[in-house]
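1. Build the 3D model from these lines:
(one chain, ligands or ions: 1)
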Amino acid sequence: MLSVLLPGGPQASTSHVRSCPVVACSGRVPFQVGSGLLPYQRAGSRTKLSTSVLKESGSRTSRGTAPDTDEAPEVSIRRFPPAGVAEQPCGPMRFQIPAEAADKPHNILEEIIWWKNTEVREMKERLPLQRVNMMMKVAPPSRDFIGALRAAYQRTGRPGLIAEIKKASPSRGVLKENFDPVQIARAYEEGGAACLSVLTDNRYFKGSYENISLIRKADNSLPIIAKEFVIEAYQLFRARAAGADAVLLIAAVLPNTDLAYLLKAAAKIGLQCLVEVHSIAEMERVLRLDLSNAMLGINNRNLETFKVDLENNRRIMSSTAGHEAQARGILVAGESGIFTPEHLSFVQDTGCQAVLVGESLVKEEDPAAATRALLS
Ligand SMILES: O=P(O)(O)OC[C@@H](O)[C@@H](O)c1c[nH]c2ccccc12
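-> Have a look, this model is predicted:
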């Protein structure tokens with residue numbers, strides 16, 4: 001039996017320690033581990049963080065800013081499975097803990113993040129930070145991602161377009177069979193995009209950091225955001241080493257303490273950030289951060305159902321938080337489900353000066369023409 005400490009949070013069991021049978025390990029020797037502090041014990045601190053942020057929420061209200069919702073949730077996805085990560089390295093061995101029904105992820109984002117724990121650990125084994133650091137020293141210099149979007153808006157009167165490069169997505173499966181990231185990037189540039197979004201997640205989007213390196217080697221002039229599910233700073237360094245100019249940080253995944261740290265770490269290595277929200281509550285929460293090196297994104301895709309609702313964009317932008325973002329001059333992008341110039345205009349009319357578009361461009365035979373048509 002392997003005793004594991006449970007992380008806290010609303011989904012966790014009320015008991016603090018639960019025993020799980022070890023069913024498989026890559027080492028040969030059956031093994032016993034007493035209860036102790038395992039890597040995911042850190043997740044237990046989430047509950048405490050949550051409380052402090054809710055307090056901040058109260059003080060904000062007392063300063064006179066009425067919240068649009070009752071309370072701002074800390075994070076809506078659970079960073080780890082309730083019974084701990086499915087695999088634990090332990091010296092030369094690995095333990096697998098069987099998932100119970102209650103340990104199944106609630107939505108796709110949660111599933112992706114649970115897998116990301118394992119993936120990042122393996123990435124670090126393959127490419128230790130020391131080597132990433134050396135790669136960063138010779139990486140092509142970073143460019144002004146946010147500036148390029150603002151400039152496109154000023155120049156054209158249409159939202160600055162972040163055109164996305166992804167071979168597949170969890171909701172649509174494979175979008176493009178003969179996928180050539182460099183060719184697609186060139187087509188987007190020709191079609192008038194201001195920036196590129198390049199998926200780096202391999203399992204769910206069939207992406208890679210190498211795709212960013214390839215595009216930069218091909219001398220594409222558009223600034224690039226690494227579309228990664230960031231859970232720790234290593235991924236920021238990896239993105240910069242590949243030549244990325246910006247990274248995505250998802251508010252549903254990261255509490256403000258982590259966001260603040262990652263925003264600082266990103267700024268130190270010359271990366272800008274796109275902080276993504278799904279709700280008014282998340283928008284309110286991230287507005288408490290120093291966003292001088294960041295822009296915001298509103299993802300209009302519902303994570304449970306995959307349905308896209310552009311009305312969500314309007315609701316968030318017309319909330320108190322949405323108005324605050326605009327008054328502070330923070331650039332906001334509308335994301336997901338934008339297929340037509342009418343959709344683009346709708347999102348623009350809510351107050352967004354940038355958009356992030358993937359599927360409707362990437363799956364076209366002629367992505368340059370599709371880009372031009374969308375911006376027309
Ligand atoms: O393909 P669409 O519907 O145009 O959506 C693009 C983009 O918004 C979407 O891919 C996205 C938004 N946020 C993300 C976070 C991770 C991965 C992907 C995304």
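2. elements contacting the longest helix that the chain contains?
-> Secondary structure assigned by DSSP state H gives helix 108-126 as the longest helix of the chain. In terms of contact count using 3 or more CB pairs under 8 Å, 6 or more residues apart in numbering; DSSP states H and E, helix 108-126 is assigned the packing partners helix 233-242. (Glycine included, C-beta is placed from N, CA and C.)
3. and the helix it packs on with helix 108-126, angle?
-> Computed by axes from the mean of the first three to the mean of the last three CA atoms, to 10 degrees, the angle separating helix 233-242 from helix 108-126 equals 70 degrees.
4. How about residues contacting the helix or strand just after helix 233-242?
-> Tracing the chain C-terminally past helix 233-242 and defining elements by DSSP states H and E, one meets strand 246-250 next. Contact partners of strand 246-250, identified using CB atoms under 8 Å, 6 or more residues apart in numbering, comprise 109, 145-146, 195, 197, 223-230, 235-236, 239, 259, 262-263, 266, 271-276, 294, 297.
5. pull the CA atoms of strand 246-250 into PDB?
-> Taking only C-alpha atoms (Å, rounded to 0.1, in the frame of the first residue of the first chain), the coordinates of strand 246-250 have been written out as PDB:
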ATOM      1  CA  ALA A 246       5.000  35.700 -25.600                       C
ATOM      2  CA  VAL A 247       3.300  33.000 -23.500                       C
ATOM      3  CA  LEU A 248      -0.200  32.100 -22.500                       C
ATOM      4  CA  LEU A 249      -1.200  32.000 -18.800                       C
ATOM      5  CA  ILE A 250      -4.600  30.500 -18.100                       C
END
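6. between that strand and helix 108-126, how big is the angle?
-> Calculated by the same axes, to 10 degrees, strand 246-250 forms an angle of 130 degrees with helix 108-126.
7. What about Q348, how many residues nearby?
-> When neighbours are counted by other CB atoms under 10 Å, Q348 registers 17.
8. For it, list the residues it contacts.
-> Taking CB under 8 Å, 6+ apart as the contact definition, Q348 lies against 158-159, 334, 355.
9. change it to 6 Å
-> With CB atoms under 6 Å, 6 or more residues apart in numbering as the criterion, the residues that contact Q348 are P159.
10. Could you say which helix or strand holds it?
-> Judged by DSSP H and E, Q348 forms part of helix 341-349.
11. continuing past that helix, what's the next helix or strand?
-> Next element after helix 341-349 (DSSP H and E): strand 354-357.
12. Briefly note if that following strand comes near the ligand.
-> Yes - Strand 354-357 lies in contact with the ligand when judged by CB under 6 Å from any ligand atom; the contacting residues are 356-357.
13. elements contacting that strand?
-> The elements that strand 354-357 packs onto, with contact taken as 3 or more CB pairs under 6 Å, 6 or more residues apart in numbering; DSSP states H and E, are strand 160-165, strand 332-335.
14. Just send these back as CSV, with mean pLDDT too.
-> Output for the helices and strands packed on strand 354-357, formatted as CSV (pLDDT from 0 to 100):
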stretch, mean pLDDT
strand 160-165, 98
strand 332-335, 98
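15. The ligand is nearest to which of these?
-> In terms of CB to the nearest ligand atom, the element of the helices and strands packed on strand 354-357 nearest to the ligand is strand 332-335, at 3.5 Å.
16. Report the distance from the closest one to the chain centre.
-> The chain centre lies 14 Å from the centre of strand 332-335; the measure is CA atoms, centre = their mean, to the nearest Å.
17. just checking, what packs against it?
-> Of the remaining helices and strands, those touching strand 332-335 by 3+ CB pairs under 6 Å, 6+ apart are strand 294-299, strand 354-357.
18. So which of those strands is the most surrounded?
-> Between the helices and strands packed on strand 332-335, the one whose residues have the most neighbours on average, counting mean count of other CB atoms under 10 Å, is strand 354-357 (a mean of 28).
19. now the helix or strand following that one: mean pLDDT?
-> Along the chain past strand 354-357, the next helix or strand (assigned with DSSP H and E) turns out to be helix 359-362. This predicted structure assigns helix 359-362 an average pLDDT of 97.
20. And the ligand, is helix 359-362 touching that?
-> Yes - remark: helix 359-362 sits within contact range of the ligand at 359-360, by CB under 6 Å from any ligand atom.
21. Pull out the buried residues from the helix or strand following that helix.
-> Per DSSP H and E, helix 359-362 leads on to helix 367-375 as the next helix or strand towards the C-terminus. Neighbour-count burial for helix 367-375, with 16 or more other CB atoms under 10 Å as criterion, is recorded at 367-368, 370-371, 374-375.
22. Go ahead and confirm V355 touches A163.
-> No - at 9.4 Å, V355 does not count as touching A163 under the criterion of CB atoms under 6 Å.
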